[in-house]
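Student: when you get a sec, could you give me coordinates for this:
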Amino acid sequence: MKRLKKKKQNAALGECRNESVTKEQDCGRKQKLAEIHRALISDPVDVEALRRAAAGKGGLLTDEVRRKVWPKLLNINVYKLPRKPGRDVRKNHKDYNQVVLDVRRSMRRFPQGMPATERGVLQEQLIDIILEVLQRNPRLYYYQGYHDVAVSLLLVVGERMAIAVLDTLSRFHLRDFMDPTMDSTKHILNYLMPILEQVDPELHDFMIRAEVGTIFALSWLITWFGHVLSEFKHTLRLYDFFLASHPLMPIYLAATIVLRRETEVKQTECDMAMVHHLLSRIPQDLPYELLIGHAQDLFEQYPPSLLARRAALQSHKSLSISTFPAFQLSTLHQRPDSVLQRLTRSHGAAASRHGLEAALSRGQLWGKGNRLVKMAVWGLSATLGAAVFTVAQTAMDWGPEVLLQLF
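Tutor: Residues are numbered from 1 along each chain as shown. Here you go, the predicted model:
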């Protein structure tokens, strides 16, 4: 009886502890959401706070929050998103066939159990997104793995915003991977070994003797780990982190993964094929929060400028690295969405009013000098915004009496 009683007491204590942890987590989650909300409604938007939230424990928590924060991290006005691309021109793009092949092979990147028809629609959108961004940036070259980034964006933010996000990433964070040759990509990979050398010279020397190189981390880098992680939630956690960080942060994270597997690596036969085989198979149970924190620490201790000097990496000019400071500064002067929406509506109303005024001045609306009609149109435009333009145009076809009845 005593044993049974003790068991029940221990179980009760365990439940209390679990409940306490759950409450603490819930409280922390609510506090973080409140901080993100405050940062979003600040004028200008507190982008630094958003970066801290995205990189900090748990990342941005939900897709709904990501849809609000990701554009701010990239200085994207969600009220000026690109129009959906027309499909009549995409087949003429030089990369069309390769993009289609890669997208068709991307079935595992979509949620399990998704109906084939729905997945088919998303795959068509994915092709459109990629080709639209490439058409906008003719100097950028498609690479295999680019679609892994695009599909992660599509599944979170939808087609139109995915175009804007991918376009910005392609011109900044992913820029080095989109050259006509692999030289810039190899340059970024070359930062990996100097990081290992600074932290664990013994591991570094072992990998040098094995002549394993850094190609095992290529897919990690160019897809932001999207191609190698089986759980989408882990991919999104890393995307939060990378969107808020320096373009080289993925290589720092790659270094933390290799360092975590130090014992495994050293116990492997010092042979290129054996070590490459081990490292290229990324574990699926990694402690991501721990690794993200470690990557941030490594970045602060061994910044890219220091590594470049010590490893003679300065001879190659990285566009991602060189353009990042200016890009980061450009994100600090954004207006909150409520203001952008109001400005967009005002701009639309002004455009509608000017169009109507021009038509009136040309005498196209029921004769010149009809001051009453002009005043009616101005009033409607200012009050209802751009949407009224369509209503007013329809009313004009019927005559001024119909327009006046709208008041």
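Student: count the residues that sit near residue 74.
Tutor: Applying other CB atoms under 10 Å, we find 19 other residues in the vicinity of residue 74. Every C-beta, even on glycine, is put in place using the N, C-alpha and C of the backbone.
Student: and it, what does it touch?
Tutor: For residue 74, the contacting residues are 164, 165, 168, 169, 243, 331, by CB atoms under 8 Å, 6 or more residues apart in numbering.
Student: please redo it, this time with the cut-off set to 10 Å
Tutor: Residues near residue 74 by CB atoms under 10 Å, 6 or more residues apart in numbering: 164, 165, 166, 167, 168, 169, 172, 173, 243, 327, 330, 331.
Student: just checking, residue 176 touches residue 222?
Tutor: Yes. When contacts are counted by CB atoms under 10 Å, residue 176 is listed as touching residue 222 (9.4 Å).
Student: which neighbours do the two share?
Tutor: 185, 188.
Student: so the closest residue to residue 33 other than its chain neighbours, which of the three states?
Tutor: Once flanking residues are discounted, residue 33 sits nearest to residue 61: 6.7 Å by CB to CB, 6 or more residues apart in numbering. For residue 61, the assignment made with DSSP: H, G, I helix; E, B strand; the rest coil gives coil.
Student: pLDDT score for residue 61?
Tutor: Looking at residue 61, its pLDDT reads 95.
Student: gap between it and residue 35?
Tutor: The spacing between residue 61 and residue 35, counted by CB to CB, to the nearest Å, is 11 Å.
Student: ok, back up a step: contacting residues for the residue nearest to residue 33?
Tutor: Per CB under 10 Å, 6+ apart, neighbours of residue 61: 29, 32, 33, 36, 53, 54, 69, 237, 240.
Student: take the residues you listed and write them to a markdown table, including secondary structure.
Tutor: Shown next, in a markdown table, are the contacts of residue 61 (three-state DSSP):
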| residue | secondary structure |
| --- | --- |
| 29 | helix |
| 32 | helix |
| 33 | helix |
| 36 | helix |
| 53 | helix |
| 54 | helix |
| 69 | helix |
| 237 | helix |
| 240 | helix |
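Student: pull out the buried residues from the residues you listed.
Tutor: Among the contacts of residue 61, the ones that count as buried by 16 or more other CB atoms under 10 Å are 32, 33, 36, 53, 54, 69, 237, 240.
Student: pick out the most distant pair among these.
Tutor: Across those, the longest distance by CB to CB is 16.2 Å; it joins 33 and 237.
Student: residue 129 is in contact with residue 153, isn't it?
Tutor: Yes. With contacts counted by CB under 10 Å, residue 129 reaches residue 153, the gap being 7.8 Å.
Student: which residue of the two possesses the greater neighbour count?
Tutor: Using other CB under 10 Å as the criterion, residue 129 and residue 153 rank with residue 129 on top: 30 against 23.
Student: returning to what we had before: can you list residues touching both of residue 129 and residue 153?
Tutor: Common contacts of residue 129 and residue 153, defined by CB under 10 Å, 6+ apart, comprise 159, 161, 162, 163, 164, 165, 166.
Student: list the contacts for the second one?
Tutor: Remark: with contacts taken as CB under 10 Å, 6+ apart, residue 161 is in contact with 67, 70, 71, 76, 78, 81, 82, 129, 153, 154.
Student: quickly find the element holding it.
Tutor: helix 159-171 (DSSP states H and E).
Student: that helix: how far from the chain's middle?
Tutor: How far helix 159-171 lies from its chain's middle: 8 Å, per CA atoms, centre = their mean, to the nearest Å.
Student: CA atoms only for it, dumped as CSV, please.
Tutor: Coordinates of each C-alpha in helix 159-171 appear next as CSV, following Å, rounded to 0.1, in the frame of the first residue of the first chain:
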residue,chain,number,x,y,z
GLU,A,159,2.2,32.8,-54.5
ARG,A,160,2.4,36.6,-54.8
MET,A,161,4.3,37.2,-51.6
ALA,A,162,6.6,34.2,-52.4
ILE,A,163,7.6,36.0,-55.6
ALA,A,164,8.6,39.1,-53.7
VAL,A,165,10.4,37.2,-51.0
LEU,A,166,12.3,35.0,-53.4
ASP,A,167,13.2,38.0,-55.6
THR,A,168,14.8,39.8,-52.6
LEU,A,169,16.6,36.7,-51.3
SER,A,170,17.9,36.0,-54.8
ARG,A,171,19.4,39.5,-55.1
